[in-house]
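A.B. asks: One predicted model, sequence on top.
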Amino acid sequence: MALDDGEHTTGPVGQPVVDSASQASSRALLAEKIDAEVPRSSFWQRWGIALVRIGLIFAVFGAWWLVARLEIWPRYFVPTPSAVWHKFILTVTVHDGTHGYGGYYLWQLVWASMRRILLGSGIAIVIGVPFGLMLGASRWARVVLEPFITVVRSLPPLAYLMLLIIWFGIGEEPKVILLFLAALPPITLATADAVRNVQQDRLLALLTLGASRMQVVRHGLFPSVLPEVITGIRVAVGFAFTTMVAAEIFNGMPGIGAMVLNAQRFLQTDVVILGIIVIGTCGLLLDAMIKLVDRLLVPWRGQL
């Protein structure tokens, strides 16, 4: 009986031991599975977007090469990628005694256009942000300034380009002013909307805690509107890029937009495509720089 009782008592005691060992083995297998999956997950999170973008670029170039290879359209309509690459080599070297394209290297053309965009956009930031603050904070400022901003935003660049040329000639001034007028409305309207959307409770709380008006602006208003201001700057720079070709219609050399216009007149499609690729690449790089500045200056984005 004692043996039977002992066997009877050890059974229930031994059963949890077996169960706990089984559970421990299951947990170990699950941990090994998680450890095996974590590197793949982190790798995809780190490089997945870049790999997708690179794949899309190769897909676009592959489709372009296939269409040109099959000659669905004549070669002077759709040149091959190798023809565009050959034009790129010509624009960065000396050939037949000519420097690059039209006597200018490609980097000189790009820098001339980028200088105009940066100057026009910079002036738009200096003027547009205060205008936006006034529009957002003052009803009378909205009555006076908002119609002007709306008219400038509605007009296409070519509508007042000729007038700027009549007033300022065909030098750099009309080009910079045109890019300034293209970049001004997005910055002003984004700033004004940001000011109007600031939560008043936060500003009142700062005043209640004894903050001065300058401290309220610095620690309350400024952090709240800065994310939208930078977003407006990104949009404004994009508008400046779309206006660049129009700004360089007259006496645009050196300039990448002028290179595209000159090549278009002579049906040099390979040069036109090269110019489009260069303009798009410059736009991506400048937008990446703005996003980097955004991450550095606005680490609190989405937290206020």
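C.D. replies: Okay, I see it.

A.B. asks: all strands in the protein, in order from the N-terminus.
C.D. replies: 94-95, 98-99 (DSSP state E).

A.B. asks: Now tabulate these in a markdown table and tack on mean pLDDT, distance to G169 and mean neighbour count.
C.D. replies: C-beta coordinates here come from the backbone N, C-alpha and C atoms, glycine included. As requested, the strands of the chain are exported to a markdown table (pLDDT from 0 to 100; distance: least, C-beta to C-beta, whole Å; neighbours: other C-beta atoms under 10 Å):
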| stretch | mean pLDDT | distance to G169 | mean neighbour count |
| --- | --- | --- | --- |
| strand 94-95 | 80 | 32 | 10 |
| strand 98-99 | 78 | 27 | 13 |
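
A.B. asks: Serialize these to TSV and add fields for distance to F239.
C.D. replies: Output for the strands of the chain, formatted as TSV (distance: least, C-beta to C-beta, whole Å):
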stretch	distance to F239
strand 94-95	36
strand 98-99	32
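
A.B. asks: what stretches of the protein score poorly on pLDDT?
C.D. replies: 1-45, 302-304 (pLDDT under 70).

A.B. asks: can you rerun that using 80?
C.D. replies: Applying pLDDT under 80 to the chain flags the ranges 1-50, 75-76, 95-98, 137, 157-158, 198-222, 251-252, 300-304.

A.B. asks: Now do the buried residues in stretch 158-169.
C.D. replies: Across stretch 158-169, burial judged by 16 or more other C-beta atoms under 10 Å covers 160-161, 164-165.

A.B. asks: Let me know the closest of these to G257.
C.D. replies: Within the buried residues of stretch 158-169, proximity to G257 (C-beta to C-beta) peaks at L161, which comes in at 12.5 Å.

A.B. asks: ok, that closest one to L145 distance?
C.D. replies: Using C-beta to C-beta, to the nearest Å, L161 is found at 23 Å from L145.

A.B. asks: how does this structure divide up, domain by domain?
C.D. replies: As assigned by automatic domain parsing, the chain contains the domains 1-51, 83-297.

A.B. asks: deepest of the ones you listed, which one?
C.D. replies: Sort the domains of the chain by mean neighbour count, taking mean count of other C-beta atoms under 10 Å, and domain 83-297 sits at the top with a mean of 18.

A.B. asks: distance between the ends of that domain?
C.D. replies: 43 Å (C-alpha to C-alpha, to the nearest Å).

A.B. asks: tell me the helices in the chain, going along the chain?
C.D. replies: 2-70, 81-91, 106-137, 139-154, 157-168, 172-196, 200-208, 213-216, 222-247, 256-265, 269-297 (DSSP state H).

A.B. asks: And the fourth one, what does it pack against?
C.D. replies: Using 3 or more C-beta pairs under 8 Å, 6 or more residues apart in numbering; DSSP states H and E as the contact criterion, the secondary-structure elements in contact with helix 139-154 are helix 106-137, helix 172-196.

A.B. asks: Could you check how far the last one is from the centre of its chain?
C.D. replies: By that I understand helix 172-196. Relative to the chain's own centre, helix 172-196 is displaced by 17 Å; criterion: C-alpha atoms, centre = their mean, to the nearest Å.
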